[in-house]
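Trainee: Structure for this input, please:
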Amino acid sequence: MWEMTLNGLKPCPFCKSQNTKETSKDQVHCHDCNASASIDRWNNRPLEDELVAGALKIAVNSCHMSFNSGHNEINK
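Mentor: Residues are numbered from 1 along each chain as shown. Below is the predicted model of the structure:
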């Protein structure tokens, strides 16, 4: 899952480094691979965000099913 850094930026979309910095022109620069983009484009990753949301939904449903199965076992 993507985690935001303390400055609100996602890791580099190319090398996954968190060694990034916001510049004075609303740009983000990765110090490891030299990638750069506007902040809006840097954090905009719709396909990756959709995959993360789907994985979280599966995990929540899995936990819910496990809890319900254990609960039913207790009531028998």
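
Trainee: average pLDDT for stretch 16-36?
Mentor: Averaging pLDDT along stretch 16-36 gives 91.

Trainee: Also stretch 61-76?
Mentor: For stretch 61-76, the mean confidence score works out to 59.

Trainee: residue ranges for the strands of this structure, please.
Mentor: Along the chain, the stretches classed as strands by DSSP state E are 20-22, 27-30, 36-38.

Trainee: Show me which positions of the last one end up buried.
Mentor: The neighbour-count criterion (16 or more other C-beta atoms under 10 Å) identifies S36, A37 as the buried residues of strand 36-38. Glycine gets a C-beta too; all of them are placed from N, C-alpha and C.

Trainee: Same question for the longest one.
Mentor: Neighbour counts using 16+ other C-beta under 10 Å place V28, H29, C30 of strand 27-30 among the buried residues.

Trainee: ok so, going back, could you dump the strands of the chain to TSV with distance to R45?
Mentor: Converted to TSV, the strands of the chain look like this (distance: least, C-beta to C-beta, whole Å):
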stretch	distance to R45
strand 20-22	14
strand 27-30	13
strand 36-38	11
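
Trainee: show me the residues around the closest residue in space to C33 that isn't next to it in sequence that make contact.
Mentor: Nearest residue to C33, sequence neighbours excluded (C-beta to C-beta, 6 or more residues apart in numbering): C15, at 4.2 Å. Counting by C-beta atoms under 8 Å, 6 or more residues apart in numbering, C15 touches C30, D32, C33, A35.

Trainee: Taking those residues together, which two end up most distant?
Mentor: D32 and A35 (8.6 Å; C-beta to C-beta).

Trainee: Find residues that contact each of the two.
Mentor: C12, C15.

Trainee: coming back round to it: now, among the buried residues of strand 27-30, which is nearest to A53?
Mentor: Distances from A53 to those, taken by C-beta to C-beta, are shortest for V28, at 22.9 Å.

Trainee: Make sure the closest one is actually in contact with S38.
Mentor: Yes. Shown here, V28 and S38 form a contact pair, counting by C-beta atoms under 8 Å, at 7.5 Å.

Trainee: any idea how far S38 is from S62?
Mentor: Distance, S38 to S62, by C-beta to C-beta, to the nearest Å: 37 Å.
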